[in-house]
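>>> Sharing a model that was predicted from the sequence below.
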Amino acid sequence: MLKDYFIRRALYLIPVLIFISFMSFSLIYIAPGDPAEIMMTSPSGGYDEAAVEAFRIAHGLDQPFYIQYLNWFKGAVVGNFGYSYMSEQPVFETVLNAFKNTLTLSVLALVIALVIAIPFGVVSALKHNTVVDDACRFCALFGVSIPNFWQAYMMIILFSVILHWLPPSGFGHGTEISYMILPATVLGTGSAAVMMRMIRSSMLDVMGKEYIQTARGKGLSEKIVIIRHALKNALVPVITVIGLSIGFLLNGSVVVETIFGWSGIGNLVVDSILSHDYMMVQGSVLFVAVIFLLINFFVDLVYVWANPEIRYDRNS
Amino acid sequence: MMKFNIQKTKLSFPAITLILIVALLCAGCVETEGTEEKVLHVVFNEGPDTGGSLDPANGWTGWYVHQAGVYETLFYYDADMNLMPKLASGYKQLNDTEWEIQLREDVAFHDGTKMDADAVLFSMNRVLDPSNSRSYEYSFIKDVRKTGEYTIVIETNDVYAPLIASLVDPIMSIISPNIVDADKQPVGTGPFMFVSFEPGTSLEVVKNPDYWDGEVKVDRILIQYNKDSTARTLLIKSGDIDIARDPLQSEYSALQTNPEINAISKETLRTYFLYINGGKAPFDDFRVRQALSYAINRQEIVDTALEGVSGLPATGIFTNTMPWNANDQIESYEYNPEKALELFEEAGITKGTDGKLYYNGEPFTIEIQTYTKRAALQPSAEIIASQLEDIGITTTVTILDSAALTANAVAGTYDFSLAAWSTAPTGDPDYFLSLHYLSTGNYASKWLRYSNPQVDEWILEARTEPDEEKRAELYDKIQIQIQEDAAILPVFYANEIYALSSDVEGFVMYPNEYTIITKDIGFV
């Protein structure tokens, strides 16, 4: 039954993806500007009319909208996502490379977010309505409210310009962790604040439940009660928030990627939209959509696993 | 209390934190293991387009690989904009349409291949191939052939005076004929050899030990690309970077007073100017355009929007570093609101009782359209708007993406459009003038709706004039006439800013933006 549910869910993804690809293609097509003209505009400022026309013909941009879309679609079905107008490099390879960079940063950011959110969320709930709770809540509110570009600059000024602990920005071959700490922290703290507030309220909810009293009554230590009984149950609603956070992290933050000079998927999407690189926009939007859908799918799975109350039977 | 029971191999959060900290420290250790290598760290504002081809013949990628010191061209402009031979040793014009270029005989590519006529032919043919998206720019070339091991002859279709200058564009970089993958593994003749590239973020190059033009001063260069000017400023302030291109102009004086940093600025070939929709009344009247030019206080724009450091008030369309400029002969539109009002009056634009200007009984309004890719555009547009407001014109500023700007310009739905052009990237005036002032030019016909038969004649004549002096005279005449016609209003000449760590020496700014990294950059 569960299997049926998942197959059904998986099949639903197909029309959703087709719809997304069609929407992104039409939106970028409707947007003012001609990709051929943008591609052929020199950094010095101008473009050559003949070159623009030749580019248009060479890339099939002279054909009607639906033909362009269908041509792209035919390729995409067999796994050919085309070549970037801008760099003439294969779209799929480029998107994958950018995604790999975003993934590295996202994993670290998520770890940072959880390391902050879970202990502080729990402590905040346990010390409900005390100074500790107020302090935690204040920090969380602060974390949600500060814009991440500002936080990024402040952290660079503190840790790089004043203390010289970490490099202010750069890629460091994508492997040196010192380059990842600052961007991952900026991304992580934003998510942490949201998660912490969620964990706190969920914990408060659970702590008042009868089974917690029962567990205590059995003579279990407070630690076991909190970790095994309270936290595990409190985390169920938090899974959705974590899932969403992962989704957003994996789609890349343009602001953070720009400031820290990190070539991730967020930058790739925005750059290709600005340059009307249809092929790259289609490839990256579709990729991002698949990731988002897969994560939602996965979150649902975890949900079922974590909470026996939820069953996706056809009859229920 | 019961002991905390760690089940299976679950990692506790403190453990993960500890692992991360240790990992960080280890990363630091590896990094600081010292070498005697002289490594230069550089941050640029833009690099090869996302997706990342490094082939100089691909679009405008050549600019970036040339800037990085990997590739070289046959000719180049020195820091004073003199056209000089690089991989060529000289040239002579054989007749009206044939030019002979002699090549240096002592140059080898990074892969050891000899740089000779075959290599040059190979490189040029990659650009001239009709499948190359920029081959049209070189449609004046009829044929390129080898006449000796180190000589080639270029034949043009018609007489074409800017031929040698056209070879300065980095798309004409000379690449090794034995190159395996021009997109991923560039092989040039420059002072630096390619190591690695991460699209959008970084490029690493090492010293070419056998460089033909003398000793290269640094061993390795790590180039970062960062689009954020604040981040670039913080990079130079933190000491992690030795050379930063285009830091925040508002930090310029702070950087100058910093003993560890040298901030320098120099005029480029870039002019910021206003396109005027000459197809729309009252802008079709040259007196109105002149009046508008008099109403703009260029010095104020430079002092405020550019904070006095990023530019100079413009006279004509060409900057003072451009060798063909006639700025000493043409009359600049000095700020003069009285004269502007007189000219408006002549053109039938009169002041109403409310102090506003009226045209045909309607309030005279102007919309300035611009884009944000260059930071100075928006603040400049806003100051121009307030200056026009002062004289009684209701003015608004609209920010659009550059694609929408083009669409509006072509459709004729604009008044003013503020733009920034490097007006002579190959150092020759024909390029910009043909596009903007020749009736058939793309911008003359589609943006400005400008046509002056006299100017057309001069432009076409100058293009084919082999005598440099006579050519210069023609360009002077053209510049005087177009200044009077005021189809375009030059606003200011952009300065480029660099911040250098004080131990960097041998860094020189080249006005044409093609050359940045040279063999001479080193440490004190």
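The structure has been received and is ready for your questions.

>>> contacting residues for B:D183?
Residues in contact with B:D183, defined by CB atoms under 8 Å, 6 or more residues apart in numbering or on different chains, are A:E88, A:Q89, B:S53, B:L54, B:D55, B:N58. Where you see a C-beta, it was placed from the backbone N, CA and C, and this is true even at glycine.

>>> how close does the spatially closest residue to the last one that is not a sequence neighbour sit to A:I38?
By that I understand B:N58. Nearest non-adjacent residue to B:N58, counting by CB to CB, 6 or more residues apart in numbering or on different chains: A:E88, 6.1 Å away. Relative to A:I38, A:E88 is positioned 15 Å away (CB to CB, to the nearest Å).

>>> could you say which helix or strand contains the closest residue to chain A within chain B?
Across chain B, the shortest distance to chain A (CB to the nearest CB) belongs to B:A403, at 2.0 Å. Using DSSP states H and E, B:A403 sits in helix B:402-411.

>>> got the buried residues for that helix?
In terms of neighbour count (16 or more other CB atoms under 10 Å in any protein chain shown), helix B:402-411 has its buried residues at B:S402, B:A403, B:A404, B:L405, B:T406, B:A407, B:N408, B:A409.

>>> same check, this time on stretch B:38-51
Buried residues in stretch B:38-51 (16+ other CB under 10 Å): B:L40, B:H41, B:V42, B:V43, B:F44, B:E46, B:G47, B:P48, B:D49, B:T50, B:G51.

>>> Go ahead and measure how far it is from the middle of the chain.
Stretch B:38-51 sits 16 Å away from the centroid of its parent chain (CA atoms, centre = their mean, to the nearest Å).

>>> for stretch A:226-238, how far is the first residue from the last?
End-to-end distance of stretch A:226-238: 16 Å, with CA to CA, to the nearest Å as the criterion.

>>> Likewise for stretch A:38-50?
Stretch A:38-50 has an end-to-end distance of 14 Å (CA to CA).

>>> quick one, what contacts the spatially closest residue to A:D34 that is not a sequence neighbour?
Spatial nearest neighbour of A:D34, chain neighbours left out: B:A403 (6.8 Å); criterion: CB to CB, 6+ apart. Residues near B:A403 by CB under 8 Å, 6+ apart: A:A31, A:P32, A:G33, A:D34, A:E37, A:I38, A:H276.

>>> With neighbour count and pLDDT as extra columns, can I get those in JSON lines?
As requested, the contacts of B:A403 are arranged in JSON lines below (neighbours: other CB atoms under 10 Å in any protein chain shown; pLDDT from 0 to 100):
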{"residue": "A:A31", "neighbour count": "14", "pLDDT": "78"}
{"residue": "A:P32", "neighbour count": "14", "pLDDT": "73"}
{"residue": "A:G33", "neighbour count": "19", "pLDDT": "74"}
{"residue": "A:D34", "neighbour count": "18", "pLDDT": "80"}
{"residue": "A:E37", "neighbour count": "22", "pLDDT": "81"}
{"residue": "A:I38", "neighbour count": "21", "pLDDT": "80"}
{"residue": "A:H276", "neighbour count": "24", "pLDDT": "81"}
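
>>> Kindly indicate which of those residues lies nearest chain B.
Comparing these against chain B with CB to the nearest CB picks out A:G33 as the nearest, at 2.0 Å.

>>> The stretch 201-350 of chain B against chain A: which residues are in contact?
Proximity of the stretch 201-350 of chain B to chain A is confined to B:201-202, B:224-228, B:230-231, B:234-235, B:237-240 under the rule CB under 8 Å from any CB of the partner chain.

>>> Kindly recompute the last result at 6 Å.
B:T201, B:S202, B:Q224, B:N226, B:K227, B:D228, B:A231, B:L234, B:L235, B:K237, B:S238, B:D240 (CB under 6 Å from any CB of the partner chain).

>>> now the most centrally placed residue in chain A, nearest residue through space, not along the chain?
Nearest residue to the geometric centre of chain A (CA atoms, centre = their mean): A:F248, 2.3 Å. Leaving aside its chain neighbours, A:F248 sits nearest to A:S191 (7.7 Å; criterion: CB to CB, 6+ apart).

>>> That neighbour belongs to a strand?
No - according to DSSP: H, G, I helix; E, B strand; the rest coil, A:S191 belongs to no strand; its state is helix.

>>> That one contacts A:L244, correct?
No - the criterion here is CB atoms under 6 Å, and A:S191 misses it with A:L244 at 9.0 Å.

>>> More neighbours: these two, which one.
Ranked by neighbour count (other CB atoms under 10 Å in any protein chain shown), A:S191 and A:L244 place A:S191 first, with 26 against 17.

>>> gap between the more buried one and B:P247?
If you measure A:S191 against B:P247 using CB to CB, the figure is 31 Å.

>>> give me every residue that touches B:G355.
B:G392 (CB atoms under 6 Å, 6 or more residues apart in numbering or on different chains).

>>> How confident is the prediction for it, by pLDDT?
At B:G355, the predicted lDDT confidence score is 88.

>>> likewise the one 4 residues further on?
We have a pLDDT of 92 for B:Y359.

>>> Excluding chain neighbours, what is closest to it?
Per CB to CB, 6+ apart, closest to B:Y359 is B:I349, 4.7 Å.

>>> what about the helices in the stretch 51-200 of chain B?
Assigned by DSSP state H, counting those that start in this stretch, the helices in the stretch 51-200 of chain B fall at B:61-67, B:117-128, B:163-166.

>>> With mean pLDDT, mean neighbour count and distance to chain A added, can I get the ones you listed in a markdown table?
Shown next, in a markdown table, are the helices of the stretch 51-200 of chain B (pLDDT from 0 to 100; neighbours: other CB atoms under 10 Å in any protein chain shown; distance: least, CB to the nearest CB, whole Å):
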| stretch | mean pLDDT | mean neighbour count | distance to chain A |
| --- | --- | --- | --- |
| helix B:61-67 | 92 | 25 | 6 |
| helix B:117-128 | 96 | 20 | 12 |
| helix B:163-166 | 92 | 21 | 13 |
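
>>> near chain B, which residues of the stretch 101-250 of chain A show up?
For the stretch 101-250 of chain A, the residues in contact with chain B (CB under 6 Å from any CB) are A:115, A:156, A:160-161, A:167-171, A:176-178, A:221, A:223.

>>> Please flag which of the residues you listed sit within helices.
Judged by DSSP state H, these include A:V115, A:I156, A:S178, A:K223 as members of helices.

>>> which residues touch the second one?
Going by CB under 6 Å, 6+ apart, A:I156 touches A:P168, B:L234.

>>> residue ranges with poor pLDDT in the chain?
In the absence of a named chain, this looks at chain A. A:1-2, A:44-45, A:308-316 (pLDDT under 70).

>>> if you could check chain B rather than the one you did, that'd help
Low-confidence segments of chain B (pLDDT under 70): B:1-35, B:50-51.
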